[in-house]
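> How does the following fold in three dimensions:
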Amino acid sequence: MPFCTQCGHQASGMDVFCAHCGARQSGPEPSAGPAGSAPAMHDPLSGLSPRTAAILCYVPAIGWIAAIIVLAARKFKDDHMIRFHAFQGLYLFAAWLVVDWVIGPIVHSVPGRFFPLDLVLHALILAVSIFMMVKASHDEAYVLPIIGELAQRSATEQ
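A predicted model of the protein is given here:
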């Protein structure tokens, strides 16, 4: 039995709207259009809400994949808020890579190091990612210092 694409409650395959939340349901896709036309294309992101897309952009370690998909999707092409979250998620991941590939090796090469700077920075970036997932779940666009300003500029350029 199919489920609602918005709230997840059971729905009939023939329902146009969910009886629980009222969200429009995707019906069965036609195999072909009018005589001689090509089959209808199904958008794989059609069931993805903007809020969920924004949250996915901040998932540690894999959020960059969601951010690239969101930026490439036609569905979110004109949605400035989602594009902002995608760019900010990408820049947050780039900060993680800088810590991992640049700062970490420098810190580990210092003999007799006392302070694990790379671990502290990784923990900070992880905490910021979680904080941004919470902000995105509340539909808030919190602008992080430096990378948030870059994300705003990137989101407005097309």
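> Check which residues of the helix or strand of the chain with the lowest mean pLDDT are buried.
Across the helices and strands of the chain, mean confidence by mean pLDDT, DSSP states H and E is lowest for helix 104-109: a mean of 90. Neighbour-count burial for helix 104-109, counted by 16 or more other Cβ atoms under 10 Å, picks out Gly104, Val107. In short, each C-beta sits where N, CA and C put it, glycine included.
> how much distance is there from it to the middle of the chain?
A distance of 31 Å separates the centroid of the chain from that of helix 104-109, by Cα atoms, centre = their mean, to the nearest Å.
> repeat for stretch 71-84
Taking Cα atoms, centre = their mean, one finds the center of stretch 71-84 at 10 Å from the center of the full chain.
> after the longest helix along the chain, next one along is what?
Using DSSP state H, we find that the single longest helix of the chain is helix 117-137. Toward the C-terminus, helix 117-137 is succeeded by helix 147-156 as the next helix or strand (DSSP states H and E).
> Can I get the least confident helix or strand of the chain in CSV, CA atoms only?
Provided in CSV are the C-alpha atoms of helix 104-109 (Å, rounded to 0.1, in the frame of the first residue of the first chain):
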residue,chain,number,x,y,z
GLY,A,104,45.9,18.6,10.8
PRO,A,105,49.2,17.7,9.1
ILE,A,106,50.8,20.9,10.3
VAL,A,107,49.7,20.3,13.9
HIS,A,108,50.8,16.7,13.7
SER,A,109,54.2,17.6,12.3
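> Now do that helix: which elements does it pack against?
Counting contacts by 3 or more Cβ pairs under 8 Å, 6 or more residues apart in numbering; DSSP states H and E, helix 104-109 is packed against helix 117-137.
> buried ones in the helix it packs on?
By 16+ other Cβ under 10 Å, the buried positions in helix 117-137 come out as Asp118, Leu121, His122, Ile125, Val128, Ser129, Met132, Met133, Lys135, Ala136.
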